[in-house]
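> Pasting a predicted model and its sequence here:
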Amino acid sequence: MTIAAAARSNVLSDRQAVWAFTLGCCAVTLGVLAHVPAFLMARAMHYRLAGMPMGGEMIAGMALIIVGVAIAGYGLLPRNVAAQRQAAAAIVMMAPEDAPLGWQHWRLMTVLVVALVIDVMKPASLGFAVVGMVDEYGVPKATVSLVPFFALLGTVTGSFLWGVIADIYGRKASILLSAVMFVGTSICGAMPSLAWNIAMCFIMGLAAGGMLPVTYALLAEMMPNRHRGWALVLVGGLGAVGGYFAASGASALLQPVFGWRVLWLINLPTGLTLILLGGLIPESAKFLLARGRVHEAERVMRLFGSRAEASPPRRTPPTAPGYGALTGARLVAKIAALSVCALAWGLVNFGLLLWLPADLVAKGYSIGVSSRLLAESALIACPTVLIAALLYSRWSSKWALVTMIGVTLAGLALVLRLEATRGGSPVWPVALLIVGTNGIIAILLPYAAESVPLGIRARATGWIAACTKGGGLLAQALSISGSVPSMGIVAGAIMVPAAASMLLVAVFGRETRGADLRDLEAG
């Protein structure tokens, strides 16, 4: 089958797909709205729903959400995949290395930053909702900690799952399906029991977990080579920092009036916004070619300064020294190095940095000092992201990551010293940890997206993103069980995987700055 024939065979099915996706979105939205009356009727009790029975309209709404997600997923499912891949196998994308940044590139970056802000703000809202949950359900904080634990477990699962979906459905399609599920999880704000909240937060994490790796995979394939590095780091970093500000802002403005449940209900407008933004997100041209949608692929390539041509019989020389196809043991070693780095980051970010303020208070530091360290962390993150983007794009992608791991190790060493001397200022240890961890997370996933072949790019990046949450999952398990050791033991234990990751990246990492992603493909 030729590409043109594959395209003609898809005209009717693609029109049906649009209608199916639209119908699914409407069903999910109606299912969420069916839960809003129960929330509003609790106004006199400051929107406390604990112990109230679930009405028939709420059960029907949940069923409508499940059906709607299934219909939307069907609408995004590609058709005739095998025939289209065979027809497009002899075509490769050519992205000029020195192509200037155009309006389309800037628009894509802006839209993806907004999408990531929406995506990150929901997991970030967990910390602001825990206090309200403890008060309403009348259970210990350790019990309520099951909510962020299962939400984090959902993001671990979702990070890898959405990577697989993106390699099958396409980058844009996976973002849209994630957004539909995101809208459906709004009903967590109307659940009358803690068990239902835990279940819905797991699904929320499942939906949110894959946005970051899929975004990196899409952006890596759309940006010119010379601008790809700093764009990846900047978009991911601003999205993460912006998500925290959005979560804290929503909590400050809405929670005093509507209670903690409103932090989940705003998934409806923010999720629908994400779906509407999908119209401004292009699909990867390579994926469009694989589906036989030639005209759409050509339009996207023209807008973004690319072109398609017949696959050459021999690969062109790599554009960066030592940057070629990664296969077999070399590819496994690279992914293993980044996975260990991701686990160490999760242990610091979701463990040590969360436990350290309370530990400082227990040692006699004022609550003001402890609280100020947390409040200033987001402000410190902003320049860190810019510095990381500059180092990544102007100096070295590989050694920028190694440097940030080194800064984190220095912070861990100072925590050890602080614990051993039982005195001194906590400012420098915390500052180095914040700078190092924000630098790592700003660089790690972009570096992963630039380091693996197209066919497994989304799922490999998703796996490494899952490892960042895996470290946090272990840290949260310690919190729930009440088995958190002293900060000195924690810092010393984390230094082992952190130092190992630094060595592994230094040995097995490859320079990706300005390199052509086509050189990753074996051939």
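Ah, there it is.

> My guess is Val156 contacts Gly471. True?
No - contact between Val156 and Gly471 fails when scored by C-beta atoms under 8 Å: they sit 9.9 Å apart. Where you see a C-beta, it was placed from the backbone N, CA and C, and this is true even at glycine.

> Excluding chain neighbours, what is closest to Met200?
The shortest distance from Met200 to any non-neighbouring residue, by C-beta to C-beta, 6 or more residues apart in numbering, is to Cys188 (3.7 Å).

> Could I get the contacting residues of that neighbour?
The neighbours of Cys188, taking C-beta atoms under 8 Å, 6 or more residues apart in numbering as the test, are 196-197, 200-201, 204, 264, 267.

> Among the residues you listed, name the ones in helices.
The members of these that map onto helices under DSSP state H are 196-197, 200-201, 204, 264, 267.

> Now restrict those to buried residues only.
Burial of these was assessed by neighbour count (16 or more other C-beta atoms under 10 Å); the buried members are 197, 200-201, 204, 264, 267.

> one step back: so Val156 and Gly471 - more neighbours on which side?
The neighbour comparison of Val156 against Gly471 (other C-beta atoms under 10 Å) goes to Gly471, with 25 against 22.

> in a helix, that's where that one is, yeah?
Yes - using DSSP: H, G, I helix; E, B strand; the rest coil, the secondary structure at Gly471 is a helix.

> and the gap between it and Val111?
Applying C-beta to C-beta, to the nearest Å, the value for Gly471 to Val111 is 30 Å.

> Could you do Phe258 as well?
Here Phe258 is placed at a distance of 29 Å from Val111 (C-beta to C-beta).

> With adjacent residues omitted, what lies nearest to Gly351?
For Gly351, the closest residue by C-beta to C-beta, 6+ apart turns out to be Ala475, at 3.0 Å.

> For the one you found, the count of nearby residues, please.
Per other C-beta under 10 Å, the neighbour tally for Ala475 reads 24.

> Quick check: it vs Pro37, distance?
To Pro37, Ala475 is 39 Å away according to C-beta to C-beta.

> what's the answer for Gly346, then?
Taking C-beta to C-beta as the measure, Gly346 and Pro37 are separated by 40 Å.

> Now name the helix or strand holding Glu511.
Here Glu511, judged by DSSP states H and E, is contained in no helix and no strand.

> With Thr468 instead?
Secondary structure (DSSP H and E) places Thr468 in helix 457-481.

> Show me which residues of the helix or strand containing Met121 are buried.
When secondary structure is defined using DSSP H and E, the element that contains Met121 is helix 103-124. Going by neighbour count (16+ other C-beta under 10 Å), the buried part of helix 103-124 is 104-105, 108-109, 111-124.

> One more: stretch 140-152?
Those would be 144-152, for stretch 140-152 by 16+ other C-beta under 10 Å.

> try stretch 191-207
Those buried within stretch 191-207 under the rule 16+ other C-beta under 10 Å are 191-192, 194, 197-198, 200-207.

> Mind checking what helix or strand follows the helix holding Met121 in sequence?
On the C-terminal side of helix 103-124, the closest following helix or strand by DSSP H and E is helix 126-137.

> list the buried ones in that next one?
Neighbour-count burial for helix 126-137 [16+ other C-beta under 10 Å]: 126, 128-130, 132-134, 136-137.

> Also stretch 39-46?
Residues 39, 42 are the ones in stretch 39-46 that count as buried (16+ other C-beta under 10 Å).

> Quick one: end-to-end distance for it.
Between the opening and closing residues of stretch 39-46 we find a distance of 10 Å, counting by C-alpha to C-alpha, to the nearest Å.

> And the contacts of it?
The contact list for stretch 39-46 (C-beta under 8 Å, 6+ apart) reads 47-49, 52, 189-190, 259, 261, 265.

> what two of the ones in helices among the contacts of Cys188 are the furthest from one another?
Considering C-beta to C-beta, no two members of the ones in helices among the contacts of Cys188 lie farther apart than Trp196 and Asn267, which are separated by 15.1 Å.

> in the stretch 301-450 of the chain, which spans are strands?
With DSSP state E, counting those that start in this stretch as the definition, the stretch 301-450 of the chain shows strands at residue ranges 307-310.
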